[in-house]
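1. what follows is a predicted protein model with its sequence.
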Amino acid sequence: SGAAANAQALIDTLNINTLVQTADEDGKAYADLQRTWKDESMTLEEKTKIEARALEVPTVLLETCHTYIQEIHNFLPSCNKNITSDAKVGIHVLAGAARAA
């Protein structure tokens, strides 16, 4: 049926380390953004750069979650019916991460 190969391909596609790293970067980008609100000595150029980064990082996280959700959704037709609910939980976890971004 190819289910095992499809499952392995899905596992290879979903890089949880990338998600965690991007979430950490998001926290740092937001902390930098908060700093722009208080640091009056910061140049406009530096503030603009930090603001752009604070928008870019969560956007990347959101797009990655969306891609992974689509991959899981595409996997569902070949998924073992006994673990379909586990795959759907993965979709919900990724949706929550995307919302949190």
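-> Looks like it came in fine. Numbers count the residues shown, from 1 in each chain.
2. make it CA atoms for all contacts and neighbour counts henceforth
-> Will do.
3. excluding its backbone neighbours, what's nearest the spatially most central residue of the chain?
-> The structure's the chain has its C-alpha centroid closest to Leu61; by CA atoms, centre = their mean the separation is 3.3 Å. Nearest in space to Leu61, with sequence neighbours left out and distances taken as CA to CA, 6 or more residues apart in numbering, is Thr22 at 6.2 Å.
4. average pLDDT for the strand or helix carrying the one you found?
-> Using DSSP states H and E, Thr22 falls within helix 16-38. For helix 16-38, mean pLDDT rounds to 95.
5. show residues contacting that helix.
-> 42, 47, 50-51, 53-54, 57-58, 60-61, 64-65, 101 (CA atoms under 8 Å, 6 or more residues apart in numbering).
6. next SSE after that helix?
-> In N-to-C order, the element after helix 16-38 by DSSP H and E is helix 44-75.
7. so what does that following helix touch, helix or strand wise?
-> Helices and strands touching helix 44-75, by 3 or more CA pairs under 8 Å, 6 or more residues apart in numbering; DSSP states H and E, are helix 3-13, helix 16-38, helix 84-100.
8. make JSON lines from those helices and add distance to Glu71 and mean neighbour count to it.
-> Shown next, in JSON lines, are the helices and strands packed on helix 44-75 (distance: least, CA to CA, whole Å; neighbours: other CA atoms under 10 Å):
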{"stretch": "helix 3-13", "distance to Glu71": "7", "mean neighbour count": "13"}
{"stretch": "helix 16-38", "distance to Glu71": "14", "mean neighbour count": "15"}
{"stretch": "helix 84-100", "distance to Glu71": "9", "mean neighbour count": "15"}
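9. fine by me, thanks again.
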